[in-house]
Structures are given as C-alpha cells and as structure tokens.
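> here's my sequence, what's the structure:
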Amino acid sequence: MKKSILALALLLPLAFGCKKDNDTEASIDFGAGEGVSYRDFSNRPMAFTDPTDWTSDGQWKDREKALFTFDVPVNLDGAQLGGVTNMSVYPNPIAPGSDGIFHFNSAHAGRAKLIWVDKNYHVLNSNDFAFTAGGSLQVKYEFQEATFPKEQKYRLYYVLYKADGTLIYKGHGDVHIHQQ
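Numbers count the residues shown, from 1 in each chain. So this is what the prediction gives:
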C-alpha cells in the first residue's frame, strides 16, 4: 500500500505538470477550407478567401518568431503601427515554375523581412529590403519547381519594421502551387 501511495505521489506531479506545447506542431495548419486566398492575374479576389491570410497577426508561436533575425531589436510581440493595406500574392494559385507578385501599400517607410516556408517550417527563401511610405510595393518571386514543388501549399511570413525597430506590421499569407 505504501509503495502504491509513493508511486502515485511521484507520478501525480508529472501527470499534471505536463502541458501541451503548441510550438511543437510538426506542420502548418493552413486553416479551414482551402486555407488560401485566391487572386487572379490582376490581383482581384476570386473563389475562396482565407480571412487569416495577408492581415496583421497577433501572437506568434516561438517557432514562428525564431524564423526571424534583425539588425536592430524588433519586438514581435509588441504593438503594430499598422497603416498597411492591399497585401497579397497574386496570382494565387500559382502555376508551377511561374512568377508571383507580393504586393502591399504602407503609410510608413521601413524594411520588410520575408520568409517563405513549406508546411514543415523549412525555410525555402528569404528577403530583406527597404520600402518607402505612401507607395505601392511589388516584389516578384520565381516559384521554381525545384524549390516549390507543385500541388503544395507554402507560407510567407512577413515583418515590416522601421529603422529604429518599431514594428509596423507582421503576419502571414499562404500560396498554392497548382497546375491550372
């Protein structure tokens, strides 16, 4: 009886002390339905739209934050200035081996750090560039099949920030490489 109580006393803290760490998810959940916001070649919405894509994200998991390094301190958990509109990648879906355009407007000047990952958070491509206030920015990507195999979904994480590290905007959007 004493051994049972002792074993129970030792195992009970382990049972209740363990909590699920959502940072250990093996793959990205692209969301309900298609999980992608479809756009045509003129950047007009079509078919399904994912309300979590191309918007400002709140809290990120440690795994997502770890994708980013900066030359200045940027608090990814801090308040965002906002002022970013019309963010998207188009067309979406993208034909294998074709080009896509990442597009946004910003009321603030700053830098953009972009990280493309596959469904398992493996980094496929990254960019870091300056942008000006008040204009429309378009960045062309070549979705080569060797890096972005067809019939897969991929995620772009983006962080827009000022030279002093002030967070302007952070979020994600998903693309689908699909033979049309």
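> now do the strands in this protein.
84-90, 99-106, 110-117, 123-131, 136-142, 152-161, 167-177 (DSSP state E).
> dump the ones you listed to TSV, plus mean neighbour count and mean pLDDT.
Glycine gets a C-beta too; all of them are placed from N, C-alpha and C. What follows is the strands of the chain, written out as TSV (neighbours: other Cβ atoms under 10 Å; pLDDT from 0 to 100):
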stretch	mean neighbour count	mean pLDDT
strand 84-90	19	97
strand 99-106	19	97
strand 110-117	20	97
strand 123-131	13	96
strand 136-142	13	94
strand 152-161	22	98
strand 167-177	22	97
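> any chance of these in CSV, plus distance to residue 59?
Supplementary listing: the strands of the chain in CSV, determined by distance: least, Cβ to Cβ, whole Å:
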stretch, distance to residue 59
strand 84-90, 18
strand 99-106, 22
strand 110-117, 17
strand 123-131, 21
strand 136-142, 26
strand 152-161, 14
strand 167-177, 10
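> tell me which of the ones you listed sits nearest to residue 52.
Checking the strands of the chain against residue 52 by Cβ to Cβ gives strand 167-177 as the closest, at 7.7 Å.
> helices or strands up against that closest one?
strand 84-90, strand 99-106, strand 152-161 (3 or more Cβ pairs under 8 Å, 6 or more residues apart in numbering; DSSP states H and E).
> residue 168 touches residue 161, doesn't it?
Yes: applying Cβ atoms under 8 Å as the test, residue 168 and residue 161 come out as touching, 5.7 Å apart.
> got any residues that touch both of those two?
The overlap between the contact sets of residue 168 and residue 161 (Cβ atoms under 8 Å, 6 or more residues apart in numbering) consists of residue 110.
> rewinding a little: what's the closest of the helices and strands packed on strand 167-177 to residue 133?
Residue 133 lies closest to strand 99-106 among the helices and strands packed on strand 167-177, at 6.4 Å (Cβ to Cβ).
> helices or strands up against the closest one?
strand 84-90, strand 136-142, strand 152-161, strand 167-177.
> 7 Å - rerun?
In terms of contacts (3 or more Cβ pairs under 7 Å, 6 or more residues apart in numbering; DSSP states H and E), strand 99-106 is packed against strand 84-90, strand 136-142.
> returning to that earlier point: so for residue 31, which of the strands of the chain sits nearest?
Closest of the strands of the chain to residue 31 is strand 167-177, at 7.7 Å (criterion: Cβ to Cβ).
> now the angle between strand 136-142 and that closest one, please.
On the basis of axes from the mean of the first three to the mean of the last three Cα atoms, to 10 degrees, strand 167-177 is oriented at 40 degrees to strand 136-142.
> what residues are up against the residue nearest to residue 104 when sequence neighbours are not counted?
Leaving aside its chain neighbours, residue 104 sits nearest to residue 87 (4.1 Å; criterion: Cβ to Cβ, 6 or more residues apart in numbering). The contact partners of residue 87, by Cβ atoms under 7 Å, 6 or more residues apart in numbering, come to 54, 103, 104.
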